[in-house]
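Participant: below are the sequence and a predicted model; questions follow.
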There are 2 protein chains.
Amino acid sequence: MSVNIYDVAKRAGLSVVTVSRVLNNSPKVRDYNRQKVLKAMAELDYKPNAAARNLAKGDTGMIGLVLPAVDDPFISQVLFAVERAVRERGMFLVTAFAASDEELSHANPGRMFLENRVDGILILSPIISEEYILELKKNRFPFVLLDQHHSAVQAPSVTVDNFYGGYQATASLIAGGVKRIAHISGSTIYESSVQRLEGYKQALRDYGLHIDEELIAAGNFSVESGYKAMMGWIELGKIPEAVFAADDNTAFGVMDAASKHKIAIPTELALIGYDDHPFGSMLHPALSTVRQPTAALGKQGVDLLLNVLAGKIKRAVTITLKPEVVLRETTRAINRPSCDPNYSVS
Amino acid sequence: MSVNIYDVAKRAGLSVVTVSRVLNNSPKVRDYNRQKVLKAMAELDYKPNAAARNLAKGDTGMIGLVLPAVDDPFISQVLFAVERAVRERGMFLVTAFAASDEELSHANPGRMFLENRVDGILILSPIISEEYILELKKNRFPFVLLDQHHSAVQAPSVTVDNFYGGYQATASLIAGGVKRIAHISGSTIYESSVQRLEGYKQALRDYGLHIDEELIAAGNFSVESGYKAMMGWIELGKIPEAVFAADDNTAFGVMDAASKHKIAIPTELALIGYDDHPFGSMLHPALSTVRQPTAALGKQGVDLLLNVLAGKIKRAVTITLKPEVVLRETTRAINRPSCDPNYSVS
DNA sequence: CTGAAAGCGCTTACAG
DNA sequence: CTGAAAGCGCTTACAG
């Protein structure tokens, strides 16, 4: 129907093999001939057919990304980073969103590798069944896990150190001179939530502070859960001096509750979130937070998958990235003696 | 390398044609034979090769979506809807994010159709050069515009009625009994911003209210622009009774400023946003807004593109969807005589 | 550096 | 309802 490699070859007065070589930037084509081919291509408005190419080469030039259908800045940022990395390598990104865990584990990614649609897949999801991963392994379908921890199954993955993030967030609060530091966790079915909580506890211990279970509230990464937790403490008359929220959404809820009850931030209540939600920097006061290395997560995930595809990876490698604390206005100045037990805030 | 249609045919004791028919759910295969093929496929763990299929059939089974690399609930929701619609039709979604207008108009979508990677593309972008669309038309590459208006170029598209949305938002404020209604616009390089502004003005006119240019601020769909606009009016001592913000981000900025200056919402200031950002319903008070028909936009966009691909569309059709006002707590009760000029709020 | 030939794994008329 | 044959548009050894 449309112009193909034979048309180009004929017009250039050369063979299809040469045309193919020009297409693939093979160095062994006489420059004079290369020009002839290029000219013929332009004149005929030739567009290579990806399907034919894939069939002949045995790959698809496409990478799949399985991710939750959730409007969340962390997810979005990783998605952008993955797409960019894939594009920069001349490939394309096929996205499969999963609205539910069920979809995630089965229907969606299944379709991709069952039809050889993509060369490999990246899986960005807080939860995914181990059986599913085992099936991927059994089928020898190349994949890389993003921001995911599986103790039982060995698989190539790129993760972020949530324990470190929780620890640093808490430590930066402590450095501001506060002592009664609360935490509102994320859903504890997620390993990341558990790790952030553990980091929080460890920081408290390391600085000789008491771990008060009443100041640890169960949240679920939502504005609402932050609001409710804070309201709970207010009603109890047990208002903490500082809150480490498991994510920025939760922190926004805390700010909302504090605002409603005229609790001044950061003087009466210091606050730090997690994820560096774009809103955080625009609020008054601007929210301190822990920034995840989303760009690196996406890029390194793609690189790792490409290495798996190239057969360069022998065993299950795990790359661990570190998040970074971003101090803005909801935490107090930290250039103070952070470990002086006699120091107290005026 | 892996098992192909011949292996299946041999094992089933039938020809590849029959196997192919089973693969394509052709009705003219004796059920007994169909079972034999299915059994052979299962036993061999056969996976059809998409590239071979595409090459033989002449299509790719993939739809491309070009969209801005922006973390915005409207964009995300349309993306989810498009992916779902594409998936429900047994196809796959290839996403191309554009970080800049330059990327949007050229590099990205160009790659998709230049290599016949997808059967057609959907373009979701506030701005896109007309030359680019013209080029798509010249190349006869199937595409559909989403939420985009081009006066000069005729193209199949699905849009949302922003004039209507702006009008209804303003009218619902008026119904609450307020008179001095301000507007903070979106970037006016976007047609949608202009339309919302026009709808606002028309509503004011229709209800006999004065259009005060000082109460129309230029924003840019950001929290910051809402904050600044509101702070501007506060400093001027010219605080409006109500604000129609061009989007929820802008409205959040207004809430932030109001909270800082202890301006009570909705009693002292009524407020309505646009887009139905998930945060809106979680704030206290919960934000009234205008909900965009994102699910329908995505679904109908895909349907339209599929019709274009099937050759069912003759000329440039434009489907226009209507947004819907969602009243929550930042606007006042509307069961009041909305058009009574003598009515005033206590 | 260039090209003839075979092959990638399907589908599509066509004939039976 | 079933199958032999040709074809989709490329790439890859192999030979020269």
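Facilitator: Done, it's in.
Participant: show me what from chain A comes close to DNA strand D.
Facilitator: Proximity of chain A to DNA strand D (Cβ under 7 Å from any atom of the strand) is limited to residues A:1-2, A:4-6, A:16-17, A:19-21, A:23-24, A:46-49, A:52-53, A:55-57. For every residue, glycine as well, the C-beta is placed using N, CA and C.
Participant: let me see the contact set for the residue minimising distance to the centre of chain A.
Facilitator: When Cα atoms, centre = their mean is applied to chain A, the residue found nearest the centroid is residue A:78 (4.2 Å). By Cβ atoms under 8 Å, 6 or more residues apart in numbering or on different chains, the contact list for residue A:78 reads A:67, A:124, A:146-147, A:294, A:297-298.
Participant: what about 10 Å?
Facilitator: Residue A:78 is in contact with A:65, A:67, A:72, A:122, A:124, A:146-147, A:158, A:292-299, A:301, counting by Cβ atoms under 10 Å, 6 or more residues apart in numbering or on different chains.
Participant: that one - that's part of a helix, no?
Facilitator: Yes: secondary structure of residue A:78 (DSSP: H, G, I helix; E, B strand; the rest coil): part of a helix.
Participant: could you check the pLDDT of it?
Facilitator: As predicted, residue A:78 sits at a pLDDT of 96.
Participant: so, low pLDDT: which residues of the stretch 101-250 of chain A?
Facilitator: Applying pLDDT under 70 to the stretch 101-250 of chain A picks out residues A:101-114, A:151.
Participant: my guess is residue A:283 contacts residue B:223. True?
Facilitator: Yes: between residue A:283 and residue B:223 there is a contact under Cβ atoms under 10 Å: 7.2 Å.
Participant: overlap in contacts of the two?
Facilitator: B:252-253, B:255-256.
Participant: and chain A, what are its domains?
Facilitator: Listed by automatic domain parsing, the domain ranges of chain A are A:5-48, A:57-155+A:294-325, A:162-288.
Participant: can you redo the ones you listed as TSV with distance to residue B:142?
Facilitator: TSV is the format used below for those (distance: least, Cβ to Cβ, whole Å):
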stretch	distance to residue B:142
domain A:5-48	14
domain A:57-155+A:294-325	18
domain A:162-288	35
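Participant: list just the one of those domains that sits closest to DNA strand C.
Facilitator: DNA strand C sits nearest to domain A:5-48 of all these, at 3.3 Å, using Cβ to the nearest atom of the strand.
Participant: would you list every one of the strands in the stretch 101-250 of chain A?
Facilitator: A:120-124, A:143-146, A:157-160, A:181-185, A:216-218, A:242-245 (DSSP state E, counting those that start in this stretch).
Participant: ranking those by burial, who's on top?
Facilitator: Comparing those by mean neighbour count (mean count of other Cβ atoms under 10 Å in any protein chain shown), strand A:242-245 ranks first with a mean of 32.
Participant: what lines up beside it in the sheet?
Facilitator: Looking at strand A:242-245 with DSSP bridges, its partner strands are strand A:181-185 (parallel), strand A:270-272 (parallel).
Participant: residue A:60 against residue A:117, yeah?
Facilitator: Yes: with contact defined as Cβ under 10 Å, residue A:60 counts as touching residue A:117 (6.5 Å).
Participant: so what's residue A:4 up against?
Facilitator: A:16, A:19, A:44, A:46-49, A:52.
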